[in-house]
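> I need the structure of the sequence given here:
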Amino acid sequence: MADKIKITFLGTGSMIPDEKRGHPAFLISHKGENILVDCGEGTQIQFRKAKLNPCKITRILITHWHGDHTFGLPGLLRTLSTSGYRKKLFIYGPKGIKKHVYEMFRAFGQVEGFNVEVKEVSGKFFGNNDFYLEAERMIHVQPCNAYNFVVKGNVRIDKRKLRKFKIKEGKHLADLKKKGYMIHNGNKYLAKQLTYAEGGRKISFVLDTLNNERIAPFVKDSDLLVCEASFSSDLERLAHEYKHLTSKQAAEIAKKGKVKKLMLTHLSQRYSRNPEKILGEARKTFKNTILAKDLDSIEI
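Presented below is the predicted three-dimensional model:
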């Protein structure tokens, strides 16, 4: 059975936190990887409450440099430095993040004991035998990325397709996996004609963006879409002004992208007493919607 991907919702609020929702931060855990997506103020405390060890973080994905997504970063790095963290830490983000991190170090001092490598990313920017990461540019007040965490599936031979093309099983099928095609009896067959992926999973994060045509293709077929829902649909004009999504727009993206599950986050504090308004609007368009809460976790 495939190893589970665990997503821990450390903070699910927006610019102004309330007593139940902190600033945005999410942890993806899979095998030996622990990838932190954003690091809002209070993220260290949320690690403690969730009984998670921040020294196990391997990578940090920053969607954009607004304070509610990054104010926890200086303190977190300082804690790692004084807690024996000795791995190389990779921080990824949109255009301009190198300058921001440099200015952060200039203001608060360099970390000691480990190296930090900062990369400005777009498209597929990291991969190994198990998973890959990719970024897509969003539309916000400043440069902003959405991210996909994709666990690669195992390539399986579709025996029904073999019978359809009257191909017998044998060593010749190995080329489909190695090369992506094979030559058999003078005919060329592509892997996509005779194989299928099994066990692959995809988690998408879309935070702080104006509704745009790039989102649905980027999150297409995700097993889980973690998406901002800063406003209800009656405040769509305000959402457009501040370059955010409404809950209805998030649901429409999930439906268009044919995702399996939608989890809404980044709720404005104006809904602290009635978050069901956000959830109810989304479920009218996309039924399999959940309202994320601080310290929730889900396994895919």
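
> The spatially closest residue to Phe131 that is not a sequence neighbour: what's it in contact with?
Once flanking residues are discounted, Phe131 sits nearest to Val151: 4.7 Å by Cβ to Cβ, 6 or more residues apart in numbering. For glycine as for every other residue, the C-beta is placed from the backbone atoms N, C-alpha and C. Contacts for Val151 (Cβ atoms under 8 Å, 6 or more residues apart in numbering) come out as 2, 5, 30, 130-131, 199-202.

> Check Glu41 too.
With Cβ under 8 Å, 6+ apart, Glu41 has these contacts: 17, 22-23, 67-68, 71-72.

> Out of the residues you listed, which one has the lowest pLDDT?
Among the contacts of Glu41, Pro17 carries the lowest pLDDT, at 94.

> right, and the secondary structure at Glu117 would be what?
Secondary structure, DSSP: H, G, I helix; E, B strand; the rest coil: Glu117 is strand.

> Look up the residues forming beta bridges with the residue lying closest to it once chain neighbours are set aside.
Once flanking residues are discounted, Glu117 sits nearest to Phe90: 5.3 Å by Cβ to Cβ, 6+ apart. Here Phe90 shows beta-bridge partners Arg59, Glu117, assigned using DSSP bridges.

> any idea how far Phe90 lies from Leu262?
Using Cβ to Cβ, to the nearest Å, one gets 28 Å for the distance from Phe90 to Leu262.

> out of those two, which sits in the busier spot?
For Phe90 versus Leu262, neighbours defined as other Cβ atoms under 10 Å are more numerous around Leu262 (30 against 19).

> one step back: isn't the residue nearest to Glu117 up against Ile60?
Yes. Counting by Cβ atoms under 8 Å, Phe90 does reach Ile60; the two are 7.2 Å apart.

> Pretty sure Ala254 sits against Leu225.
Yes. Using Cβ under 8 Å, Ala254 is in contact with Leu225, at 5.4 Å.

> anything in contact with each of the two?
219, 262.

> Show me where the stretch 1-150 of the chain has its helices.
Secondary structure of the stretch 1-150 of the chain (DSSP state H, counting those that start in this stretch): helices at 43-49, 67-70, 73-82, 97-108.

> Could you identify which of those is most buried?
helix 67-70 (a mean of 21; mean count of other Cβ atoms under 10 Å).

> List of residues touching that one?
13-15, 17, 23-24, 38-41, 62-63, 100, 207-208.

> what's the burial count for Lys87?
For Lys87, using other Cβ under 10 Å, the count is 12.

> where's it relative to Gln44, distance?
Remark: distance between Lys87 and Gln44 (Cβ to Cβ) = 18 Å.

> The least confident helix or strand in the chain by mean pLDDT: which residues count as buried?
In the chain, no helix or strand scores lower on mean pLDDT, DSSP states H and E than strand 195-198, which sits at a mean of 77. By 16 or more other Cβ atoms under 10 Å, the buried positions in strand 195-198 come out as Thr195.

> Stretch 208-218 too?
Using 16+ other Cβ under 10 Å as the test for burial, stretch 208-218 gives 208-211, 215-216, 218.

> Output these in CSV; the columns should cover distance to Gln193 and secondary structure.
Below are these laid out as CSV (distance: Cβ to Cβ, whole Å; DSSP: H, G, I helix; E, B strand; the rest coil):
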residue, distance to Gln193, secondary structure
Asp208, 41, coil
Thr209, 37, coil
Leu210, 39, coil
Asn211, 37, coil
Ile215, 30, helix
Ala216, 27, helix
Phe218, 26, helix
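
> farthest-separated two in the residues you listed?
Pairwise distances across the buried residues of stretch 208-218 peak at 17.1 Å for Asp208 and Ala216 (criterion: Cβ to Cβ).

> To Cys144, which of the helices of the stretch 1-150 of the chain lies closest?
helix 67-70 (9.2 Å).
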